[in-house]
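Student: quick one: sequence plus predicted model below, questions after.
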Amino acid sequence: MAHPETPAFTDQKLETMVGNLLRAGVSLSAFVVMLGGVIYLVRHGRSPADYRVFRGEPSDLKSLGGIIHEVFGLRGRGIIQFGLLLLIATPVARVALGIWGFAAERDRMYVLFTCIVLAVLLYSLLGAGSAF
């Protein structure tokens with residue numbers, strides 16, 4: 001009795017996976033930012049705004065550890081910042097998924113090029129003087 005073979009990994013499957021990843025990443029980050037915004041407005045929505053003095057980002061929101069600490073403290077600005085980090089991580093995850101997909105297709109040249117793109121992305125995010 002002949003067994004039907006499972007279809008090989010195709011470009012169309014990879015494109016579908018990438019599309020789903022991008023939609024999920026953007027949707028999740030939008031939800032997290034919205035949740036943080038609601039929490040922030042509930043706690044600080046009636047505070048008077050003083051635009052004469054510029055107050056930059058607090059130092060505890062300039063590092064990944066500080067952001068995570070703020071998220072676990074259910075602080076609105078930390079949750080918003082975390083949502084923005086998720087948004088930044090989405091295209092990085094897309095490139096990593098591309099490496100996996102090209103490896104599954106056994107396309108060494110595209111695996112190499114995509115690894116270079118991932119290295120440049122990670123260097124620009126982590127190694128070029130960033131606080132993260």
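Tutor: Right, received. Where do you want to start? Residues are numbered from 1 along each chain as shown.
Student: now what about the lowest-mean-pLDDT helix or strand in the chain, what contacts it?
Tutor: Least confident element among the helices and strands of the chain, by mean pLDDT, DSSP states H and E: helix 64-72 (a mean of 90). Residues from elsewhere that reach helix 64-72 (CB atoms under 8 Å, 6 or more residues apart in numbering): S59, D60, L61, R77, G78, I79, Q81, F82, L85, F132. Any C-beta I mention is one placed from the backbone N, CA and C, and that applies to glycine too.
Student: beyond that helix, next helix or strand please.
Tutor: Downstream of helix 64-72, the next assigned helix or strand under DSSP states H and E is helix 76-104.
Student: pLDDT of that next one, averaged?
Tutor: For helix 76-104, the mean pLDDT works out to 93.
Student: tell me the gap between the very next helix or strand once past it and the middle of its chain.
Tutor: Downstream of helix 76-104, the first helix or strand assigned by DSSP H and E is helix 108-122. Remark: helix 108-122 is offset 18 Å from the chain centroid, using CA atoms, centre = their mean, to the nearest Å.
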